[in-house]
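Student: sequence first, predicted model second:
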Amino acid sequence: MEAGNARLARIAAHMRPVRTEESSIRREYTRAKGASAGFKVALLGACGGIGQPLALLLKLNPLVSTLHLYDVVNTPGVTADISHTDTTAVVRGFLGQAQLNAALEGADLVIIPAGVPRKPGMTRDDLFNINAGIVKTLIEGVAKSCPKAIVAIISNPVNSTVPIAAEVLKKAGVYDPKKLFGVTTLDVVRANTFVAEVIGVDPKEVNVPVYGGHAGITILPILSQVSPPFSFSKDEVEYLTNRIQNGGTEVVEAKAGAGSATLSMAYAAAKFAEAALRGMRGESDVVECAFVASEVTELPFFATKVRMGRGGIEEIFPLGPLNEYERQGLVKLKAELKDSIEKGINFVQKSTK
Ligand SMILES: NC(=O)C1=CN([C@@H]2O[C@H](COP(=O)(O)OP(=O)(O)OC[C@H]3O[C@@H](n4cnc5c(N)ncnc54)[C@H](O)[C@@H]3O)[C@@H](O)[C@H]2O)C=CC1
Ligand SMILES: O=C([O-])CC(=O)C(=O)O
């Protein structure tokens with residue numbers, strides 16, 4: 001039986017939500033008694049509109065044993081708050097650049113929603129100037145502190161931030177294309193929702209693959225491959241494709257200057273994280289769409305269905321049969337996606353010359 005004083009000392013050791021000293025950072029890696037045997041997840045940008053609800057959803061996931069919350073503001077409060085939920089994951093907060101490496105050390109999965117969101121009238125590419133530098137710095141931390149982690153990038157423009165991350169990891173000599181993902185799950189979540197409305201079924205029953213990238217016309221829903229199979233009219237295809245491609249803008253406009261999708265994105269990212277963790281645990285049937293390094297088209301990155309396993313991507317599925325409308329969409333999206341990918345690659349290559 002643990003003595004009273006020892007018990008209180010143990011609890012006190014886990015009460016300081018933000019680590020400021022080396023010794024306390026070290027203590028962090030010992031799991032709290034009662035914590036589940038699961039994975040260590042680091043969330044970068046944890047106090048933002050996406051970060052906070054996503055942190056909560058990750059804290060509820062039994063596959064997560066340790067949750068590190070990193071941001072440049074507000075981590076003490078968010079960490080204290082979330083740490084009171086009665087689930088087993090241990091939560092620790094890290095504040096500011098000086099604590100980035102400690103936040104990342106030993107992470108199995110790193111999820112990145114850090115960066116600025118859109119306001120009405122902006123494209124995702126308009127975020128490039130600010131978010132490219134943020135993602136570059138955070139991935140430099142990953143390269144140094146947890147080079148074997150699976151990395152999931154949410155920060156926009158995803159079509160450029162994923163190539164930025166790849167270049168940074170390459171430069172550090174630790175790039176594993178199987179472990180880098182751009183999170184496009186929200187496009188699938190929206191597609192499932194809107195298609196379910198049209199078909200008149202529970203969205204849980206619906207699965208729409210969404211290919212390409214994550215901006216405007218680069219988002220290509222493959223309605224001909226919907227499960228359960230359904231034959232849409234031409235008008236339904238037009239309506240659904242436009243709504244899915246512009247789902248982000250629909251939210252940006254409705255929020256009228258207060259940001260972009262946060263709650264649905266947190267839900268989508270939690271779904272993606274669950275898939276990644278189930279794959280890492282060795283489950284063999286985990287398939288999600290994601291924007292990854294790919295040879296499915298002539299572009300170096302492309303979103304299609306991928307099977308996730310212990311080491312990240314285990315299989316990238318081919319496009320499968322497309323109808324004429326989808327083939328035309330694919331041709332149109334490639335030019336824009338190619339430019340966005342090159343912009344990301346050039347950003348890192350120029351900044352290191
Ligand atoms: N992939 C997708 O489907 C989606 C992507 N997004 C993108 O996610 C990003 C975040 O969106 P929100 O959470 O709504 O924004 P937000 O502004 O509410 O939160 C961003 C957080 O990042 C933090 N941050 C800024 N610089 C940082 C740095 N250097 N290191 C660590 N943290 C830093 C901020 O302090 C803030 O807490 C945006 O770029 C947005 O466009 C949003 C919705 C969907
Ligand atoms: O539209 C935005 O700026 C945020 C985003 O990526 C989305 O909601 O799909």
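Tutor: Yes, it's here. Ligands and ions are numbered 1, 2, ... in the order given.

Student: ok, which residues in the stretch 51-200 of the chain are in contact with ligand 2?
Tutor: Within reach of ligand 2 by Cβ under 6 Å from any ligand atom, the stretch 51-200 of the chain has these residues: Pro117, Arg118, Arg124, Asn156, Leu186. The way it works is simple: take the backbone N, C-alpha and C, and place the C-beta from them, glycine included.

Student: closest to ligand 2 among those?
Tutor: When these are compared for distance to ligand 2 (Cβ to the nearest ligand atom), Arg118 comes out closest, at 3.8 Å.

Student: run a quick neighbour tally on that closest one.
Tutor: By other Cβ atoms under 10 Å, the residues close to Arg118 number 23.

Student: and if you look at the one 3 residues further on?
Tutor: With neighbours defined by other Cβ under 10 Å, the count for Gly121 comes to 10.

Student: can you list the domain ranges for this protein.
Tutor: 36-183, 185-340 (automatic domain parsing).

Student: quick one: the longest one near ligand 1?
Tutor: Yes - part of domain 185-340 sits close enough to ligand 1 to count as contact by Cβ under 6 Å from any ligand atom, namely Leu186, His214, Gly259, Ser260, Ala261, Thr262, Met265.

Student: pull the distance from that domain to the chain's centre.
Tutor: Its chain's C-alpha centre and that of domain 185-340 lie 13 Å apart, by Cα atoms, centre = their mean, to the nearest Å.

Student: what about it, average pLDDT?
Tutor: For domain 185-340, the mean per-residue pLDDT is 98.

Student: by contact count, what packs against the helix or strand harbouring Ala103?
Tutor: Using DSSP states H and E, Ala103 sits within helix 100-104. Under the contact definition 3 or more Cβ pairs under 8 Å, 6 or more residues apart in numbering; DSSP states H and E, helix 100-104 sits against strand 39-44, strand 64-71, strand 90-95, helix 128-145.

Student: count of neighbours near Leu240?
Tutor: Neighbours around Leu240, by other Cβ under 10 Å: 21.

Student: roughly how far apart are it and ligand 2?
Tutor: Per Cβ to the nearest ligand atom, to the nearest Å, Leu240 is found 16 Å from ligand 2.

Student: check Ile111 too.
Tutor: For Ile111 relative to ligand 2 (Cβ to the nearest ligand atom), the value is 15 Å.

Student: am I right that that residue is in a strand?
Tutor: Yes - assignment of Ile111 by DSSP: H, G, I helix; E, B strand; the rest coil places it within a strand.

Student: that one pairs with what?
Tutor: Using DSSP bridges, the bridge partners assigned to Ile111 are Leu43, Ala152.

Student: in helices only, show me the residues of domain 185-340 next to ligand 1.
Tutor: Among the residues of domain 185-340 next to ligand 1, the members falling in helices (DSSP state H) are Leu186, Met265.

Student: who wins for most neighbours among the residues of domain 185-340 next to ligand 1?
Tutor: For those, the largest number of neighbours (other Cβ under 10 Å) sits with His214, at 28 neighbours.

Student: circling back to that earlier point, winner for burial among the domains of the chain?
Tutor: domain 36-183 (a mean of 21; mean count of other Cβ atoms under 10 Å).

Student: and that domain with ligand 1, contact?
Tutor: Yes - applying Cβ under 6 Å from any ligand atom, one finds domain 36-183 in contact with ligand 1 at 44-45, 47-51, 71-73, 113-118, 127, 131, 134, 137-138, 154-156, 158, 183.

Student: contacts only, for the residue in the chain positioned nearest to ligand 2.
Tutor: For the chain and ligand 2, the shortest gap (Cβ to the nearest ligand atom) falls at Gly248, measuring 2.2 Å. Listed by Cβ atoms under 8 Å, 6 or more residues apart in numbering, the contact set of Gly248 reads Arg118, Arg124, Leu186, Ser260, Ala261.

Student: residue contacts, the residue lying closest to the fourth one once chain neighbours are set aside?
Tutor: The shortest distance from Ser260 to any non-neighbouring residue, by Cβ to Cβ, 6 or more residues apart in numbering, is to Pro117 (4.2 Å). When contacts are counted by Cβ under 8 Å, 6+ apart, Pro117 is found next to Gly49, Leu127, Asn156, Val252, Gly259, Ser260, Thr262.

Student: and the gap between Pro117 and Ala254?
Tutor: The gap separating Pro117 from Ala254 is 13 Å, by Cβ to Cβ, to the nearest Å.

Student: just Ala172 next, same as before
Tutor: To Ala254, Ala172 is 40 Å away according to Cβ to Cβ.

Student: make a markdown table out of the helices and strands packed on helix 100-104 and add mean pLDDT.
Tutor: As requested, the helices and strands packed on helix 100-104 are exported to a markdown table (pLDDT from 0 to 100):
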| stretch | mean pLDDT |
| --- | --- |
| strand 39-44 | 98 |
| strand 64-71 | 98 |
| strand 90-95 | 98 |
| helix 128-145 | 98 |
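
Student: ok, which of these comes nearest Ala6?
Tutor: Closest approach to Ala6 among these (Cβ to Cβ): strand 90-95, 18.2 Å.

Student: contact partners for Val252?
Tutor: With contacts defined as Cβ under 8 Å, 6+ apart, the neighbours of Val252 are Pro117, Arg118, Lys119, Pro120, Met122, Gly259, Ser260, Ala261.

Student: and the first one, what element?
Tutor: It refers to Pro117. Per DSSP H and E: nothing holds Pro117, as it lies in no helix or strand.

Student: thanks a lot, see you next time.
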